[in-house]
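Colleague: Give me a model of this one.
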Amino acid sequence: MNLLLKSFLYNFLHPIKAQEFYYLKRNGLDGEISSSQKAINLRLSEVILFAWLFVFFATLYSILGVKLGISTYIPESLEGIISLKKLGQITILKVLMGFVFFPVGMWTWLKVVGGLMKFSASVIGSDEEIEQGMNDVINGAMTPAILNLLPVIGPGLSNLLFWVYCGIGLNKNLRFSLFQTIVILISPFILFALLISFIVIVAVSSLSFV
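Modeller: The predicted structure follows:
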């Protein structure tokens, strides 16, 4: 566990060195690995569990924020007070459900996004082993989840850095150019947009025949 935590923190603090390490290790270039590059390959289940721990703090901050908002804002009518309390309860329940189902939801989301990025990477082509390399990229990109320790800005910053770290991994680990990296990063959004457009077109076409 101690080694896993150190590797998690190393990937977070030194994403470039970590992804270069994975590239050198995968290609058997151990002689080129510097003494400062020490990491082990993280598994998806491990990074999700670590992320879940940090998401706990984001959940706690959200609940405290709702409680504080309810206690400081006093509506003028009794109906307003009841509505505010109900809204607070619904918000807290939603936050708690998000925390409880975080591992399953994140695993599913990473599999879908990672699969789409692997598909795009294979289409573009690379001399590297895309399967293992992309796993290292995705797993390393999950390490900014530690920023959920920060109130308010933590979750948003963590989500943003996920894509930044993916870009670093694609460039340093799988050796894609900057342009290729950008294309692979936006490919999930493009494919999702095409899928939604297709569903909408089919739905509209079906309604037109009714």
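Colleague: contacts and neighbour counts: CA atoms only from here.
Modeller: OK.
Colleague: Determine the longest helix present in this structure.
Modeller: Longest helix of the chain, by residue count under DSSP state H: helix 178-208.
Colleague: What residues of that helix count as buried?
Modeller: Within helix 178-208, the residues that count as buried by 16 or more other Cα atoms under 10 Å are 180, 181, 183, 184, 185, 187, 188.
Colleague: Over to stretch 85-93?
Modeller: Those would be 85, 88, 92, for stretch 85-93 by 16+ other Cα under 10 Å.
Colleague: try stretch 123-140
Modeller: Across stretch 123-140, burial judged by 16+ other Cα under 10 Å covers 128, 130, 133, 134, 135, 136, 137, 138, 139, 140.
Colleague: now swap in stretch 40-57 and tell me
Modeller: So stretch 40-57, judged by 16+ other Cα under 10 Å, has buried residues 40-42, 44, 47-48, 50-57.
Colleague: Among the residues you listed, which lie within helices?
Modeller: Mapping the buried residues of stretch 40-57 onto helices (DSSP H) picks out 44, 47, 48, 50, 51, 52, 53, 54, 55, 56, 57.
Colleague: residues in contact with the fifth one?
Modeller: Under the criterion of Cα atoms under 8 Å, 6 or more residues apart in numbering, the contact partners of residue 51 comprise 142, 143, 145, 146.
Colleague: Listing request: residues of this structure with sub-threshold pLDDT.
Modeller: For the chain, the stretches with pLDDT under 70 are 1, 30-39, 73-84, 126-128, 208-210.
Colleague: 90 instead, please
Modeller: Low-confidence segments of the chain (pLDDT under 90): 1-7, 21-43, 46, 62-92, 115-116, 118-133, 151-152, 187-195, 197-210.
Colleague: export the buried residues of helix 178-208 to TSV and tack on distance to residue 96?
Modeller: Compiled in TSV, the buried residues of helix 178-208 are given as follows (distance: Cα to Cα, whole Å):
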residue	distance to residue 96
180	39
181	35
183	35
184	33
185	30
187	31
188	28
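Colleague: of all the residues you listed, which comes closest to residue 153?
Modeller: The closest of the buried residues of helix 178-208 to residue 153 turns out to be residue 185 (Cα to Cα; 22.9 Å).
Colleague: that older thread, now, which of the buried residues of stretch 40-57 sits nearest residue 67?
Modeller: Of all those, residue 67 sits closest to residue 57, with 15.3 Å by Cα to Cα.
Colleague: is it true that that closest one touches residue 149?
Modeller: Yes - Residue 57 lies in contact with residue 149 (Cα atoms under 8 Å); the separation is 5.8 Å.
Colleague: And the nearest residue to residue 19 once chain neighbours are set aside, how far from residue 134?
Modeller: Computed as Cα to Cα, 6 or more residues apart in numbering, the closest residue to residue 19 that is not its neighbour in sequence is residue 173, at 5.0 Å. Here residue 173 is placed at a distance of 8 Å from residue 134 (Cα to Cα, to the nearest Å).
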